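Visitor: no sequence for this one, just the structure:
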């Protein structure tokens, strides 16, 4: 059986119903309703829709040491002026002079370092609570590594309406994988795939999942070439899609103007994925030199998710713990080799399951792999922003960039570990505060 003759994904009513269900699962509707309530607005919390849906806040961050990841420039006694959620000016107090507005809230950062909010290029945000936790840990922009029922698309809409509640998000929708499992229940347009004896493997079936994702508003497409490392009964070196199948996924995504991120481990799998035209290689523990050279030639990004691999070593399952101990040093060597060849690198934690790891920890691991501290920081700022298509608006605190700010207690170039413990987080000009228990 196949899905070759199944009509294309249908229109607006189906999309509206699917995404309403995703919002209910993610809990974003309730958060938006609370944020928009008169009680929330009168209590001083930024209400969704104040001054227009998703309008940013006004804030002056003053007195800290400003770091620009793009240039490495450090500015003492700096001032960052944010209005409407956008940076209008940034630099030394002496240079800005009278360009600092009065009667605007002020965040005093004396004795601290100021840098742009961080980017997590591979995270699974299934709920509003996870999204807010990510922001509190310094993630102000992110790319989804897929969700089972389009929850990431709901989280993306939450971020647009109430930016202090969630990172700006590039959503991947549902995973393009041979066995969709319960994801078949996510959308009636996926139901015909339940008839397939061998799962989602034919060109028609692969194209179908991509098209449904795009019809539901996905910004990118997530697929895999290998089995998972985080499941002890799977072999992460076993290949599940070949070059031809991966090429079909990439072609379908490109027809919709989207790129593909690909879960990978084995060298052959990595090479097949890269030569098929993916936009970024995820995990990639055993990526080899020939594939890294191909990535450099194609400008394919490498998102190694060192945090996730390191976390396996702490598993109570002996198979997973051994994988973590074995894979991490191999992956660190691959990261350093990629950096030395000029392959673009992006930080991603692969956080999922209700636990959000600070992307600052990924920067720490990039540095431990051999990257200079500034280059490690760029994997979670300018480099990651470029991967997400946000290079002109995210990753720096300069005029016209997003008013996303991280304030930390120390020099991140001397100790990247300070990035894991933000003193203050600003998202679109709003100070984000931890909610009382």
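Guide: Yep, it's here. Since the structure is predicted, the reported quantities are computational estimates derived from the model, not experimental observations.
Visitor: Run through the bridge partners of the closest residue to residue 107 other than its chain neighbours.
Guide: Of all residues not flanking residue 107 in the chain, residue 61 sits nearest, at 4.7 Å (Cβ to Cβ, 6 or more residues apart in numbering). C-beta here means a position set from N, CA and C on the backbone, and glycine is covered the same way. In this entry, residue 61 is beta-bridged to residue 80, residue 107, by DSSP bridges.
Visitor: Distance check, residue 61 against residue 278.
Guide: 38 Å (Cβ to Cβ, to the nearest Å).
Visitor: still on that earlier bit, burial measure for the residue nearest to residue 107, as a count.
Guide: By the criterion of other Cβ atoms under 10 Å, residue 61 has 28 neighbours.
Visitor: ok, it to residue 404 distance?
Guide: Distance from residue 61 to residue 404, by Cβ to Cβ: 11 Å.
Visitor: coming back round to it: if I look at the residue nearest to residue 107, how far off is residue 284?
Guide: Residue 61 is 37 Å from residue 284, by Cβ to Cβ.
Visitor: OK, contacts around residue 122?
Guide: 143, 145, 261, 282, 303, 305, 346, 348-350 (Cβ atoms under 8 Å, 6 or more residues apart in numbering).
Visitor: How about residue 134?
Guide: 120, 123, 125, 142, 166-167, 351, 356.
Visitor: between those residues, which has the most around it?
Guide: That'd be residue 120 among these, by other Cβ under 10 Å, with 35 neighbours.
Visitor: pretty sure it is in a helix, no?
Guide: No. Counting by DSSP: H, G, I helix; E, B strand; the rest coil, residue 120 is not part of a helix but strand.
Visitor: is it fair to say residue 183 lies in a strand?
Guide: No. Counting by three-state DSSP, residue 183 is not found in a strand; it is helix.
Visitor: Can you read off the pLDDT for it?
Guide: At residue 183, the model reports a pLDDT of 95.
Visitor: What strand or helix carries residue 334?
Guide: Per DSSP states H and E, residue 334 falls inside helix 318-341.
Visitor: Point out the other helices and strands that that helix packs with.
Guide: The contact analysis (3 or more Cβ pairs under 8 Å, 6 or more residues apart in numbering; DSSP states H and E) places helix 318-341 against helix 289-298, strand 301-303, helix 306-312, helix 359-368.
Visitor: I'd like the distance between the spatially most distant residue from the centre of the chain and residue 429.
Guide: Relative to the C-alpha centroid of the chain, counting by Cα atoms, centre = their mean, residue 98 is the outermost residue, at 37.1 Å. Computed as Cβ to Cβ, the residue 98 to residue 429 distance reads 21 Å.
Visitor: Just the pLDDT at the spatially closest residue to residue 335 that is not a sequence neighbour, thanks.
Guide: Excluding its sequence neighbours, the residue lying closest to residue 335 (Cβ to Cβ, 6+ apart) is residue 369, at 4.3 Å. On the pLDDT scale, residue 369 is placed at 98.
Visitor: who's in contact with residue 369?
Guide: Residue 369 neighbours (Cβ under 8 Å, 6+ apart): 306, 331-333, 335-336, 339.
Visitor: returning to what we had before: I'd guessed the residue nearest to residue 107 sits against residue 423; true?
Guide: No. Using Cβ atoms under 8 Å, residue 61 makes no contact with residue 423, being 11.5 Å away.
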